[in-house]
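Enquirer: have a look at this prediction, sequence included:
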There are 2 protein chains.
Amino acid sequence: MKAYQSMSKEELLALQSELEQAYEEMKGKGLQLDMSRGKPAADQLDLSMGMMNVWSPEDELKAANGMDCRNYGGVDGIAEAKKLMADMMGCQPENVIVCGNASLNLMYDVITRAELFGILGETPWSKLDQVKFLCPVPGYDRHFRITETMGIEMINIPMLEDGPDMDMVEKLVAEDDSVKGIWCVPRFSNPGGVVYSDEVVRRMAALKPAAKDFRIFWDNAYAVHDLYEEDQVPLLDIISECEKAGNPDMVYEFASTSKVTFPGAGISAFASSEANVAEFKKRMSVQTIGYDKINMLRHVAFLKDMDHVKAHMMKQAALMRPKFEAVDRVLEQELGGLGIGTWTKPRGGYFISFQAMNGCAKEIIAKCREAGVVMTGAGAAFPYGKDPDDSNIRIAPTYPTPEELAMAASLFVLCVKLVSVNKLLAE
Amino acid sequence: MKAYQSMSKEELLALQSELEQAYEEMKGKGLQLDMSRGKPAADQLDLSMGMMNVWSPEDELKAANGMDCRNYGGVDGIAEAKKLMADMMGCQPENVIVCGNASLNLMYDVITRAELFGILGETPWSKLDQVKFLCPVPGYDRHFRITETMGIEMINIPMLEDGPDMDMVEKLVAEDDSVKGIWCVPRFSNPGGVVYSDEVVRRMAALKPAAKDFRIFWDNAYAVHDLYEEDQVPLLDIISECEKAGNPDMVYEFASTSKVTFPGAGISAFASSEANVAEFKKRMSVQTIGYDKINMLRHVAFLKDMDHVKAHMMKQAALMRPKFEAVDRVLEQELGGLGIGTWTKPRGGYFISFQAMNGCAKEIIAKCREAGVVMTGAGAAFPYGKDPDDSNIRIAPTYPTPEELAMAASLFVLCVKLVSVNKLLAE
């Protein structure tokens, strides 16, 4: 393969006309595919259907401590669900509160409470002139949307191979007491698939923030979401690392079973220090009498323990892996050596992150959409929806069938080529 | 029976010594009973156990429109759940958003959003010097706790036989633009059991508030919770009444199945005008990808339609009615004609509201607790936990067994007598 950048203008023009013709043919196929969101496919969801009939009619729905899960009571969740979620996150059950169907909602709630009531006695954020969050990019669009909605200023932090640029994080956090938080997806980051190295976790836990109410928002969304059984990359427990570093209250951790059992019908968890958990519990008691304990008990009955969780996740991986590999194969075959794009080969999570030539992402996504394939919007992985390089594209390969995926990937590489050629010719 | 007020000092002293002896005997029994919260009893919950196995293994968990309820999507809930909740509330499905396990959480969310973002373009409440809520009393303690937590000033409004004192409500709402809301439980109010009359609902809908962002918080918690099949008192649909009165956006309605199926494991709903529903949906989309659609579908599969809901609720009533009647019988037998207490005879809901002589409620509840029966704390039904007359006691008869209830009621009337005698002797 010859890199596009080394082609002559004539070569590029010939290629352009060839690609345009191929693109018109693709458009004629009337595709209607969606690779925009990290959604499990139906066959993955089928793996959890046993949960719908996990009890026999004579089962009493009592927690291990005898509590009737069908009634009010137990605002912080049942003990066996705390254990399960703690094991998934790699922390201790006493750090955990088990909640409703969405960890995103917990992050929103925690920020809302910080805005209205303040954290552990500090000034409510809504009363401050300025509140800032550090946002490793590319990152998760829904995180950024929460902070944007709250009027919190977001600062881009480059993601490196082993986590966020910690030199920059350390400096900003230490210098500026209006920096109140950082968004992290520490294992199989969305969308880059990065697992934070031990060194990054330790540096994170040892931060010396100027603000007492600075918090690491540790969204451990893909804690057990490995694609491969072998060489699983471990993640240090941030809660105990913060403790060791003398910063016990500096982290809020979140997780859920959204991509273990059913998105939107799973259970979620908040995990943190004793003081943070006590504050969370106090605030949540105003908001609710308690979350769905029947669903907690159902999850425990079905998922049982970490051995079962891991086995269950490997069944999911067996369905997902071929899709990730198929996309990678098409990208490799069609774009390898052309110098017009690089992409990640994640070991887990839900995304492949593609870097196009600068200034090409929006146009590639528009071309895909025009031909019937919806990708995540350009810039979505950046605060305010603005990718400064207009280069990042998030590929979510899990939801389409393998056949659909092959077609979508073929269209995608064609659009990458065409837009790149156009770009080079315009320079 | 001779009214205590007409007794001589000697008669009262003799009675006091008799009652004190009886009380000491009661204490010796070592009771341990809880009549503090409106919780269904286990036999009521058993009525919904069919919901745990409502699907056969081959069921696909698809909504009527084909949506896979196991996956993300459909932020405002599935259409058939909207229909069910609308029928329960007596409004239209297009007014409804179906949400998570707790309507209390929705009220909290709506107020939080008003504080941080404002309602339909008005100033966020957190930026105002003063925000006030009208609180019909006695009322629901958890409502008052939300507004208290937000720093909202609460104003007591007397409850009359057919709803809040509307003369006072009309006046305060029209005069003061810092009055932003009123808490209402319009059917079988907590704890008084009042059903708002048509006239009260119409006057409520026709309010002329000084504040554009004044909202009626219409917590229709007991919409279908009748204790008797005959003579069920209907409630007007506040949403269409507000529309007719030219105030379409003035009401937020809430409901849930917490006391239809399982407390904490049911579904909830928000209902309002087109503009309010659109704003709710916009704000909730930042907070969550969506609520538990599997639980929505499960509820629809089990409860089916209003005929089934009503039949189901009559089964609950058959279990609850004897408890309400047993308490009423003891009160009537033991306190009738004594002039030391009055109480409600509700046609639905979860509570009996007892009015002791002024200045006696705290002491009665303390005496009950000392002898092993926990009642709702004195003053709980009032803003800031302060009953100005120290007279109201909320009795929650549903959770104990009939035998426990008989013992608890006997202790209660004994404490009422003893505290009343003490009070009269001290005067």
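Expert: Structure received. Numbers count the residues shown, from 1 in each chain, chains lettered A, B, ... in the order given.
Enquirer: only C-alpha atoms for contact and neighbour calcs from this point on.
Expert: Will do.
Enquirer: what residues are up against residue A:280?
Expert: For residue A:280, the residues meeting the contact criterion (CA atoms under 8 Å, 6 or more residues apart in numbering or on different chains) are residue A:110.
Enquirer: mind checking if the helix or strand where residue A:329 lies is in reach of chain B?
Expert: Assessed by DSSP states H and E, residue A:329 sits inside helix A:306-335. No: applying CA under 8 Å from any CA of the partner chain, one finds helix A:306-335 separated from chain B by no less than 14.7 Å.
Enquirer: can you tell me which strand in chain A is longest?
Expert: Counting residues, the longest strand found in chain A (DSSP state E) is strand A:153-160.
Enquirer: same for that strand, what does it pack against?
Expert: Based on contacts counted as 3 or more CA pairs under 8 Å, 6 or more residues apart in numbering or on different chains; DSSP states H and E, the elements that strand A:153-160 packs against are strand A:132-137, helix A:141-149.
Enquirer: ends of stretch A:243-252, how far apart?
Expert: Stretch A:243-252 has an end-to-end distance of 13 Å (CA to CA, to the nearest Å).
Enquirer: could you pull out the buried residues of it?
Expert: Neighbour counts over stretch A:243-252 (16 or more other CA atoms under 10 Å in any protein chain shown) mark A:243, A:245, A:247-252 as buried.
Enquirer: may I ask which two of these are separated the most?
Expert: When CA to CA is used, the two most widely separated members of the buried residues of stretch A:243-252 are A:245 and A:252, lying 15.4 Å apart.
Enquirer: just to revisit the earlier point, mean confidence for the helix or strand just after the helix holding residue A:329?
Expert: Scanning forward in sequence from helix A:306-335, with DSSP H and E defining helices and strands, the next element found is strand A:341-343. Along strand A:341-343, the predicted local confidence has a mean pLDDT of 98.
Enquirer: any idea how far whichever helix or strand comes after strand A:341-343 is from the chain center?
Expert: Sequence order places strand A:352-356 as the next helix or strand after strand A:341-343, per DSSP H and E. Between the centre of strand A:352-356 and the centre of its host chain there is 15 Å, according to CA atoms, centre = their mean, to the nearest Å.
Enquirer: check what contacts strand A:352-356 and list those residues.
Expert: A:191-193, A:324, A:340-346, A:391-397, A:416.
Enquirer: state the distance from residue A:409 to chain B.
Expert: Using CA to the nearest CA, to the nearest Å, one obtains 23 Å as the distance from residue A:409 to chain B.
Enquirer: again, but for residue A:66
Expert: 13 Å.
Enquirer: before we move on, what about residue A:240?
Expert: 29 Å.
Enquirer: do you know the pLDDT at residue A:82?
Expert: Value for residue A:82, per-residue pLDDT: 98.
Enquirer: contacting residues for it?
Expert: With contacts defined as CA under 8 Å, 6+ apart, the neighbours of residue A:82 are A:93-94, A:96-98, A:269.
Enquirer: farthest pair within these?
Expert: Of all pairs drawn from the contacts of residue A:82, the widest gap by CA to CA lies between A:94 and A:269 and measures 11.9 Å.
Enquirer: and these two? Which one has more around it.
Expert: Neighbour comparison, residue A:94 and residue A:269: the larger count goes to residue A:269, with 26 against 15 (by other CA atoms under 10 Å in any protein chain shown).
Enquirer: burial count for the closest residue to the more buried one other than its chain neighbours?
Expert: Spatial nearest neighbour of residue A:269, chain neighbours left out: residue A:98 (4.4 Å); criterion: CA to CA, 6 or more residues apart in numbering or on different chains. Residues within reach of residue A:98, counting by other CA under 10 Å, total 32.
Enquirer: hmm, residue A:98 is touching residue A:267, no?
Expert: Yes: assessed by CA atoms under 8 Å, residue A:98 is found in contact with residue A:267 at 7.2 Å.
Enquirer: which parts of stretch A:207-221 are buried?
Expert: Buried residues in stretch A:207-221 (16+ other CA under 10 Å): A:207-211, A:213-221.
Enquirer: list the residues that contact the residue positioned nearest the centre of chain A.
Expert: Within chain A, one residue has its C-alpha closest to the average C-alpha position: by CA atoms, centre = their mean, that is residue A:190, at 3.8 Å. Residue A:190 makes contact with A:138-140, A:349-351, according to CA under 8 Å, 6+ apart.
Enquirer: that one: which element?
Expert: Assignment of secondary structure by DSSP H and E places residue A:190 within no helix or strand.
Enquirer: my read: residue A:144 touches residue A:386, true?
Expert: No: taking contacts as CA under 8 Å, residue A:144 lies outside contact range of residue A:386: 11.1 Å.
Enquirer: more neighbours, the two?
Expert: Counted by other CA under 10 Å, residue A:144 and residue A:386 do not tie: residue A:144 has more neighbours, with 24 against 12.
Enquirer: which ones are touching the more buried one?
Expert: With contacts defined as CA under 8 Å, 6+ apart, the neighbours of residue A:144 are A:135, A:154, A:382-384.
Enquirer: show me which residues of the stretch 101-250 of chain A sit near chain B.
Expert: For the stretch 101-250 of chain A, the residues found near chain B under the criterion CA under 8 Å from any CA are A:101-102, A:104-105, A:108, A:112, A:116, A:126, A:142, A:145-146, A:149-150.
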